[in-house]
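[1] sequence first, then the predicted structure:
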Amino acid sequence: MQVGFTGGGLSARPAAPSSWGRTSRRAFVAPARVEEAKPKHPLLTTHYAVELPQREPIDPSSIPEVFGNVHSTESMSTVDGPGVRFLVFVQGCAMRCLFCSNPDTWQLKGGEKTSSKELAEQIRKVKNYLKPRGGVTISGGEAMLQPQFVSTMFQEVHAMGLNTTVDTTGQGTKARNWDVVLPHTDLVLFCIKHIDPLKYEALTGMKQKGALKFADELAERNIPFYLRYVYIPGYTDGPKDISRLIEWSKKQPTFQGVELLPYHMLGRNKWEVMDIPYPLDGVSTPPREQVRAVIKEFNNNDVAVICAE
């Protein structure tokens, strides 16, 4: 049983994880008054402004074949990382987030058993469309829960001369997961869920401690990351929580900006199909004015924002 929010207190809620609208167009949003931005917000001018390593293609024959459970793929996307990207959504997630859009990815044994070599061949067919800034993003579910498969796929991607991005909540441990995946990772989209540890646990059913250790690992490895934050009225929109999130973010040496994801109900139908009670019944998408206000709060504190239009 997972702890959840009800009104001003806490109550027991059925378990539920996290993924959200991954195909909606996103763009950097500038402060309301352009003159306030000045040059101190350089990341506001380009979608995913971070520059990732450029590699020369190499022979991939020495890379082993590994099998993983894949939920789905998208061959061309302009979200989830710089440039045009090939997206891979893997199965399995230990979290049961109240706002999950893809509960059908929770079970590790779901999806389709997929060969890394066969998937690499699919990517190879479209690789010319992914250049020069694009590459491959692996999401989920939770990508870190299939470390060998993700690591091998990233090696295949690097062999094509493309860059790699992982969309993750930082699940797993250093030895079994992060040490396997991160050496082949160029960029991380880190879903922080909530900055308050008690509210984090109430939203996800897991302790926050592991996520913070994962952030420390990104700093040690000098891996750039964007912070993904789902903005939910009554749950993650508290002014004090936003201030704490800004304070924490600015202390992270490889932090690039916040990708603000206003809450939506696009995945609610999946809960209904799976006959699971939807935990956030009655919660609405935040008003545009409220979203613009929090964007301005980030910008005024020198934090760049990507947000759905």
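    Great, that's in hand. Residues are numbered from 1 along each chain as shown.
[2] how many residues are close by residue 171?
    22 (other Cβ atoms under 10 Å). No exception for glycine: its C-beta is placed from N, CA and C like everyone else's.
[3] where's residue 165, which helix or strand?
    Assigned by DSSP states H and E, residue 165 falls within strand 163-168.
[4] also residue 230?
    Applying DSSP H and E, one finds residue 230 within strand 225-231.
[5] same question, residue 122
    helix 116-130.
[6] alpha carbons only: can I get stretch 76-90 in CSV?
    Output of stretch 76-90 as CSV, limited to C-alpha atoms (Å, rounded to 0.1, in the frame of the first residue of the first chain):
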residue,chain,number,x,y,z
MET,A,76,11.6,10.3,-35.2
SER,A,77,11.0,12.7,-32.3
THR,A,78,12.1,16.3,-31.5
VAL,A,79,11.6,15.9,-27.8
ASP,A,80,13.4,13.9,-25.1
GLY,A,81,16.9,15.3,-25.9
PRO,A,82,18.7,17.5,-28.5
GLY,A,83,17.9,17.3,-32.2
VAL,A,84,15.9,14.6,-33.8
ARG,A,85,15.8,11.4,-31.7
PHE,A,86,15.0,7.7,-31.9
LEU,A,87,13.1,6.8,-28.7
VAL,A,88,13.1,3.5,-27.0
PHE,A,89,10.6,2.8,-24.1
VAL,A,90,11.6,-0.2,-22.0
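[7] the strand holding residue 165 pairs with which strands, and in what direction?
    Sheet pairing of strand 163-168 (DSSP bridges) gives strand 135-139 (parallel), strand 187-191 (parallel).
[8] in a markdown table, list those strands along with mean pLDDT and mean neighbour count.
    Shown next, in a markdown table, are these (pLDDT from 0 to 100; neighbours: other Cβ atoms under 10 Å):
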| stretch | mean pLDDT | mean neighbour count |
| --- | --- | --- |
| strand 135-139 | 98 | 27 |
| strand 187-191 | 98 | 25 |
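[9] let me have those strands in a markdown table, extended by distance to residue 237.
    Below are those laid out as a markdown table (distance: least, Cβ to Cβ, whole Å):
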| stretch | distance to residue 237 |
| --- | --- |
| strand 135-139 | 24 |
| strand 187-191 | 16 |
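[10] follow-up on the earlier one: would you mark the buried spots in the helix holding residue 122?
    116, 117, 119, 120, 123, 124, 127, 130 (16 or more other Cβ atoms under 10 Å).
[11] next one: the fourth one from residue 69, what distance?
    Spelled out, it's residue 120. Distance from residue 120 to residue 69, counting by Cβ to Cβ, to the nearest Å: 16 Å.
[12] check the third one too.
    When distance is defined by Cβ to Cβ, residue 119 is 12 Å away from residue 69.
[13] what's the answer for the first one, then?
    When distances are taken as Cβ to Cβ, residue 116 and residue 69 turn out to be 12 Å apart.
[14] give me the contacts around stretch 259-269.
    19-21, 26, 99-103, 189, 226-233, 278, 280, 283, 285-286, 291, 294-295, 298, 305-308 (Cβ atoms under 8 Å, 6 or more residues apart in numbering).
[15] among these, which ones are in strands?
    Secondary structure defined by DSSP state E assigns 26, 189, 226, 227, 228, 229, 230, 231, 305, 306, 307, 308 of the contacts of stretch 259-269 to strands.
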